[in-house]
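> coords below, sequence missing:
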Ligand SMILES: CCCCCCCC/C=C\CCCCCCCC(=O)SCCNC(=O)CCNC(=O)[C@H](O)C(C)(C)COP(=O)(O)OP(=O)(O)OC[C@H]1O[C@@H](n2cnc3c(N)ncnc32)[C@H](O)[C@@H]1OP(=O)(O)O
């Protein structure tokens, strides 16, 4: 059994489980403040305290180094086409802007790191959370080959309460010949609306998703998803989304989603 597996086993003992639930509640608290902690990903790392006194410190540091640096899947890679890169640059350049005095300050947009990193930064600390959640990933990121399936990056605008996603659909997502499968389109819509609702309201789950497919999306093309907050009512967050071409002129799909705030208990109850 590998060293990492052994540590994972240890995490799953009773004390680990208790800490994990604590960590999950921590997610809720942090997420309900928005993705602020995740957005501050570039800020200095927290000091890490070795969790298991019996472990050789060099090995511990190696594991922690690995755990605390999960890959961020929303950064450009070699599979990104020119539209994907252009739109990425467009929004990314508005994340940090330079004043006339030459000072750098936050712009209107924030790039969201991919889910595995969001979880890590949202927990804000617990060592166990780092170990377990650095392995968490949405299934949209589960295909290793770059560009084969879902390539996407999301940005949020706090003032406008909007979220955009630049999405390039790879060849594995084929439905009708040469076009993207409706289920794959539903998946990316749920992911964008779900992330946006989480950003606005803390941890949520989808209870309703309604989709109108207007025009097929060519396989390999890049599209823009724009999500807006419609309203919040108690535990319910209503969001809607449009999928357009990269110019925003051709409408491919539109959808509305209802997300309900959840706690760890909701997940454990099953
Ligand atoms: C602790 C978690 C940590 C997570 C950390 C996240 C970090 C994230 C970072 C990045 C986000 C990534 C984004 C991914 C996105 C993917 C999301 C999905 O695919 S989720 C999987 C599919 N969805 C399900 O499997 C739900 C199944 N449903 C349920 O489990 C329950 O319905 C639940 C727990 C969500 C709510 O059940 P109740 O018993 O607590 O609440 P009740 O009272 O039934 O509903 C609350 C309100 O919502 C309305 N409601 C519920 N379902 C409705 C429906 N289908 N249509 C309309 N209204 C509905 C109800 O009428 C009620 O409204 P009234 O308060 O009375 O006004």
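Done, it's in. Quick caveat, the model's predicted, so the values are computed rather than measured.
> For the rest of this, base every contact and every neighbour count on C-alpha atoms.
OK.
> Residue 89 versus the nearest residue to residue 159 once chain neighbours are set aside, what's the distance?
Closest residue to residue 159 apart from its sequence neighbours, by Cα to Cα, 6 or more residues apart in numbering: residue 108 at 7.3 Å. Computed as Cα to Cα, to the nearest Å, the residue 108 to residue 89 distance reads 14 Å.
> Mind checking which of these two has more residues around it?
Neighbour count, other Cα atoms under 10 Å: between residue 108 and residue 89, residue 108 has more, with 17 against 13.
> Against the ligand, how distant is that one?
Between residue 108 and the ligand the distance is 20 Å, computed by Cα to the nearest ligand atom, to the nearest Å.
> show me the contacts for that residue.
When contacts are counted by Cα atoms under 8 Å, 6 or more residues apart in numbering, residue 108 is found next to 94, 95, 157, 158, 159.
> Which of those sits closest to residue 182?
Taking Cα to Cα as the measure, residue 157 is the one of these closest to residue 182, at 27.4 Å.
> Give me the neighbour count for the closest one.
Using other Cα under 10 Å: residue 157 sits among 17 other residues.
> Okay, and the beta partners of it?
According to DSSP bridges, the residues that bridge with residue 157 are residue 109, residue 162.
> Which pLDDT does the model give it?
Predicted confidence (pLDDT) at residue 157: the value is 97.
> same check, this time on residue 234
Note for residue 234: predicted pLDDT of 97.
> Is any residue of the strand or helix carrying residue 206 near the ligand?
When secondary structure is defined using DSSP states H and E, the element that contains residue 206 is strand 204-213. Yes - contact between strand 204-213 and the ligand, assessed by Cα under 6 Å from any ligand atom, occurs at 205, 206, 207, 208.
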